[in-house]
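Peer 1: Curious how this folds, go ahead:
(2 chains)
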Amino acid sequence: MNYQWNWRVFLEANPEGTGTFLTSLMSGLGWTVVTALCAWVIALMLGVVVGVLRTTPHPWVVRLGNIYVELFRNVPLLVQMLLWYFVLPELLPVNMGDALKQMPDSPFYTAVVCLAFYTSVRIAEQVKAGILALPRGQAMAGRAMGLTLAQTYRYVLLPQAMRIIMPPLTSDFLNTFKNTSVALTIGLMELTARTRAMESHTFQVFEAFAAATLIYIVLNITVVQLMQLLERKLAVPGLISAGTQGAGH
Amino acid sequence: MFENFDFNVIERSWEYLFFTGMTFTLQLTLYAMVGGIVLGTLLAIARLSSFKLLSSVAGAYVNLIRALPLILVIFWFYFLVPYIGQWMTGASQPMKVGAFASCLITFIMFEACYYCEIMRAGIQSISLGQVSAGYALGLNYWQLMAHVVLPQAFRNMLPLLLTQTIILFQDVSLVYVLSMPDFLGAASKVARRDSRLVEMYLFVAVVYFIMAYTLSSGVKYLQARTAVIR
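Peer 2: Numbering: from 1, shown residues only, chains lettered A, B, ... in the order given. Below is the predicted model:
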């Protein structure tokens, strides 16, 4: 192979003048983590609400929830990203659209909103599955005790369902970190975008991508470990999952 | 709301969008699905093999790829494939690989890992009695796999394999980062040429939605039908 390896390239100054290429990759990691975490928090709130709506006894509420899920699930993430970034400001009234376009860090906010909606659908699916996995008697007993429907969800169904679905939620959480890379198409300088910038500036393709790969692996392992810790803390006593390590990678 | 928009741009460019763009997307999806399922099944067999070395290499590969974002993997293979080609053929220059071939290799290598996990679950769901019965009849390992285990695993996992293929179909849009003429790439080229981003991206979203929704309804129907038989 006539490829010139140069691992010292990470210590060279980056073109933005913010330090070395290593600092630039680390700043990319920072954007990846912050974007993913913000998106996850919003997605969790949206996802739980939609997931709950889809299990209520009101058919038209269920239908609305289903439309929401199908809408965000059947359009590729990249297309959604482009819609939020390029199309939404044009559809709003002119002054609102201009305000959106001139907002500082607009790729970041767009990426957070887009990923939040996209991820909320997966969470809604899990929440629905978790609630449906509970014995019917749980909801009936809650209502028989005189709880309202909202109270039944708040005190009986959700506390159990959310703990059952921890393992699949972990994989959705990991996906959120990975999906953040799609935001490079709208100019978010996250890890993959920084790697690409480094590669096109130095032509050290394989060093740059090897470093990014390593960082993603470390990120992945860290998240899995944290979630397993949480899973063990939150396991429902008396279920099989409480005794095992849970489904991991 | 749409008075300033010009949806004629779709009428002017639909031949390019569908005959070039959608054809690229569908071909890539189809070939990557076939290649991915074949490679994924082999990986699953390797992961379940009693050869420690084989199973740990396959496991490491699958877990590595699953930890990475697809975009990063697309870039990896885009730069790596010419060098691998050079190394395999012993040429003096990195091999020139066409855009389609490069994307196809990427998607096969990437999606195989996800198909592998599905097939592994499928193989593990077959009862041990089936395996014992096969050996008792005098089948060897590969005959057992080909005639007893895999046909059942495939059938049980068919809905999941197809769902993964719908995800693959949507993932193909990411070749946009290499400026490839897939459906989204073609639409975005027209959009930039005519400055009609809004119309084109909305149209792309509607087309994707209709196709993916139809496919996933089909999978749901299939799932309901196979559930009755079991």
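Peer 1: For the most centrally placed residue in chain A, which residues are in contact?
Peer 2: Per C-alpha atoms, centre = their mean, the C-alpha nearest to the average position across chain A is that of residue A:176, at 2.8 Å. Residue A:176 makes contact with A:36, A:39-40, A:43, A:115, A:119 under the criterion C-beta atoms under 8 Å, 6 or more residues apart in numbering or on different chains. Any C-beta I mention is one placed from the backbone N, CA and C, and that applies to glycine too.
Peer 1: For residue B:145, give me its contacts.
Peer 2: Residue B:145 neighbours (C-beta under 8 Å, 6+ apart): residue B:45.
Peer 1: need the helices for chain A, in chain order.
Peer 2: If you assign secondary structure with DSSP state H, the helices in chain A sit at A:21-53, A:59-73, A:77-82, A:88-91, A:94-102, A:106-133, A:136-144, A:149-151, A:158-164, A:166-179, A:191-202, A:205-234, A:240-243.
Peer 1: Listing request: residues of chain A with sub-threshold pLDDT.
Peer 2: Within chain A, the stretches falling below the threshold (pLDDT under 70) are A:1-2, A:240-249.
Peer 1: Can you pull the residues of it lying near chain B?
Peer 2: With C-beta under 8 Å from any C-beta of the partner chain as the criterion, chain A comes near chain B at residues A:1-3, A:70-71, A:73-80, A:82-83, A:86-87, A:90-91, A:174, A:178-182, A:184-185, A:192, A:195-196, A:199, A:205-206, A:209, A:212-213, A:216-217, A:220, A:249.
Peer 1: before we move on, back to that, ranking the helices of chain A by burial, who's on top?
Peer 2: Mean neighbour counts were taken over the helices of chain A using mean count of other C-beta atoms under 10 Å in any protein chain shown, and the top value, a mean of 24, falls to helix A:77-82.
Peer 1: Summarise which helices and strands it is packed against.
Peer 2: Helices and strands touching helix A:77-82, by 3 or more C-beta pairs under 8 Å, 6 or more residues apart in numbering or on different chains; DSSP states H and E, are helix A:106-133, helix B:183-194, helix B:197-229.
Peer 1: Which one of those helices lies nearest to residue B:81?
Peer 2: Evaluated over these, closeness to residue B:81 peaks at helix B:183-194, with 19.0 Å, by C-beta to C-beta.
Peer 1: that older thread, how about the residue nearest to the centre of chain A: what's its closest non-neighbour residue?
Peer 2: With C-beta to C-beta, 6 or more residues apart in numbering or on different chains as the criterion, residue A:176 has its nearest non-adjacent residue at 4.7 Å, and that residue is residue A:36.
Peer 1: Same check on residue B:154?
Peer 2: Using C-beta to C-beta, 6+ apart and skipping residues adjacent in sequence, the residue nearest residue B:154 is residue B:122, 6.9 Å away.
Peer 1: Near the one you found, how many other residues are there?
Peer 2: Look at residue B:122: counted by other C-beta atoms under 10 Å in any protein chain shown, it has 22 neighbours.
Peer 1: Residue B:195 too?
Peer 2: Other residues lying near residue B:195 total 11 when counted by other C-beta under 10 Å.
Peer 1: Same check on residue B:120?
Peer 2: By other C-beta under 10 Å, 23 other residues sit near residue B:120.
Peer 1: any low-confidence regions in chain B?
Peer 2: Using pLDDT under 70 as the threshold, the predicted model of chain B has low-confidence ranges B:1-4, B:227-230.
Peer 1: got the residues of it near chain A?
Peer 2: Proximity of chain B to chain A, by C-beta under 8 Å from any C-beta, involves residues B:1, B:63-64, B:66-72, B:75-76, B:79-80, B:83, B:86-87, B:92, B:170-171, B:173-174, B:176-177, B:184, B:188, B:197-198, B:201-202, B:204-205, B:208-209, B:212-213, B:216.
Peer 1: Mind jotting down where the helices sit in chain B?
Peer 2: Using DSSP H, the helices of chain B run over residues B:8-15, B:23-47, B:52-67, B:70-89, B:99-124, B:128-136, B:141-144, B:150-171, B:183-194, B:197-229.
Peer 1: Check the residues of chain B next to chain A for burial and list the buried ones.
Peer 2: Buried by 16 or more other C-beta atoms under 10 Å in any protein chain shown: B:66-72, B:75-76, B:79-80, B:83, B:86, B:170-171, B:173-174, B:176-177, B:184, B:188, B:197-198, B:201-202, B:204-205, B:208-209, B:212-213, B:216, out of these.
Peer 1: Might one say that residue B:49 is in contact with residue B:55?
Peer 2: Yes - in this structure, residue B:49 is within contact of residue B:55 by C-beta atoms under 8 Å, at 5.0 Å.
Peer 1: if you skip the residues just before and after it, what's nearest to residue B:95?
Peer 2: With C-beta to C-beta, 6+ apart as the measure, residue B:85 is the residue that lies nearest to residue B:95, at 3.0 Å, once sequence neighbours are left out.
Peer 1: That neighbour: neighbour count?
Peer 2: A count of neighbours around residue B:85, defined by other C-beta under 10 Å, yields 18.
Peer 1: separation between residue B:78 and residue A:197?
Peer 2: As judged by C-beta to C-beta, to the nearest Å, residue B:78 and residue A:197 stand 16 Å apart.
Peer 1: same thing with residue B:156?
Peer 2: If you measure residue B:156 against residue A:197 using C-beta to C-beta, the figure is 45 Å.
Peer 1: Then residue A:189?
Peer 2: Counting by C-beta to C-beta, the gap from residue A:189 to residue A:197 is 8 Å.
Peer 1: ok, now which ones touch residue 164?
Peer 2: No chain in the question, so chain A it is. Applying C-beta under 8 Å, 6+ apart to residue A:164 gives the contacts A:130, A:133-134, A:236, A:239, A:241.
Peer 1: Sorry, I should have been clearer: chain B.
Peer 2: Residues counted as contacts of residue B:164 (C-beta under 8 Å, 6+ apart) are B:111, B:114-115, B:118.
Peer 1: which two in the residues you listed are spaced the farthest apart?
Peer 2: The widest separation within these (C-beta to C-beta) is 10.4 Å, between B:111 and B:118.
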